[in-house]
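Trainee: sequence first, predicted coordinates after that:
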Amino acid sequence: MNIDQLNWDDVRVFLATMRASSLRQAAQDLGVSRPTAGRHLSALEERLGLPLFDRRPDGLHATPEAIELAAAAKEVERAMRALGRVAQGANPDVRGDVRVSMPEVAASDLLMPDLIAFCERWPQIELHIDGSYGVSSLADRETDVAIRFMPAGKAPQEDLTGRKAGTAWIAAYGFGDCWIGQRGAKVDAQWVRESDFPDLPIRGSIMGGAMQRAACAGGLGLAMLPCFMAEPLLTRRSEPIPGFDIWVLVHPDLRRNPRLRVFRDAMVEAIKGHRNRLEGRAAG
């Protein structure tokens, strides 16, 4: 067994195959051909001197040795990702790609003019925006900066760093004889009990702010919506309350990266500039 000649690409294919239980799927996940993935897997088995998978008619089956090695391989994977993040964070150029994830309504209803202004101010930085809600992609380097709506008073997970830029207030909007469910039975029931309309029933559910807004406008019922996205289309039916804190997050290893810092600071200031709209006080 020649450990000194282990190849990261071989280990990467091994981990992908363990996760997918299929060499074909692993190759697709990694963006390589199936024969290439097979060569990497065979090379790792040869270097380790161990069979990692039983080749059976119904597919690949991990050997006990493979299951034991997978934990160590995951540690190598985490180390390689950390190395990549540190190298990216050391890049002194304020140029290149910035991958951003944020709820779609945050971009379309609040920050799009600010994103356009940023692109005009920094033409050497190319933004790639994904309208999503998850934060795990930061750790996996799928996203550089994440703008997240967290329940008011709740901090992000410990392995992320960033700044709270503002708070989006929420209120009841719409009309009708029921509430539109949206976040889960327990959460919806609590909001209804604490609302100005505690006796109205909850009927159905619609996930997604833009769809909830359209449903309220069409008379389907009431929903608790952020003021910035509901007004002026909908009439407010209750006094606003703090709903979501808005965080601008990066991985700690990337916090000093110049182009990410430029974008992060610009978005924090932009969100602060929308305080009146966020609190349902006025357009701004």
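Mentor: Thanks, I have the structure now.
Trainee: what residues go with each domain of the chain?
Mentor: Using automatic domain parsing, the domain ranges for the chain come out as 3-89, 95-284.
Trainee: adding mean neighbour count and mean pLDDT, write those out as JSON lines.
Mentor: The way it works is simple: take the backbone N, C-alpha and C, and place the C-beta from them, glycine included. Output for the domains of the chain, formatted as JSON lines (neighbours: other C-beta atoms under 10 Å; pLDDT from 0 to 100):
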{"stretch": "domain 3-89", "mean neighbour count": "15", "mean pLDDT": "83"}
{"stretch": "domain 95-284", "mean neighbour count": "17", "mean pLDDT": "87"}
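Trainee: which residue sits closest to residue 160, ignoring its sequence neighbours?
Mentor: residue 249 (4.8 Å; C-beta to C-beta, 6 or more residues apart in numbering).
Trainee: and residue 36, by the same measure?
Mentor: Nearest residue to residue 36, sequence neighbours excluded (C-beta to C-beta, 6+ apart): residue 27, at 6.9 Å.
Trainee: surely the one you found and residue 39 touch.
Mentor: No - counting by C-beta atoms under 8 Å, residue 39 is not a contact partner of residue 27; they are 10.7 Å apart.
Trainee: name the residues contacting each of those two.
Mentor: Common neighbours of residue 27 and residue 39 are not found (criterion: C-beta atoms under 8 Å, 6 or more residues apart in numbering).
Trainee: can you give me the helices for this protein?
Mentor: With DSSP state H as the criterion, the chain has helices at 8-20, 23-30, 34-48, 64-89, 104-106, 112-121, 136-139, 185-193, 209-217, 227-230, 258-273, 275-278.
Trainee: distance to residue 147 added to these, as a markdown table?
Mentor: Shown next, in a markdown table, are the helices of the chain (distance: least, C-beta to C-beta, whole Å):
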| stretch | distance to residue 147 |
| --- | --- |
| helix 8-20 | 29 |
| helix 23-30 | 27 |
| helix 34-48 | 36 |
| helix 64-89 | 19 |
| helix 104-106 | 6 |
| helix 112-121 | 10 |
| helix 136-139 | 11 |
| helix 185-193 | 22 |
| helix 209-217 | 14 |
| helix 227-230 | 14 |
| helix 258-273 | 6 |
| helix 275-278 | 13 |
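Trainee: among those, which is nearest residue 54?
Mentor: helix 64-89 (9.5 Å; C-beta to C-beta).
Trainee: now do the same contact list for residue 114.
Mentor: Contact partners of residue 114, counting by C-beta under 8 Å, 6+ apart, are 266-267, 270, 273.
Trainee: if anything else comes up later, I'll come back, but that's it for now.
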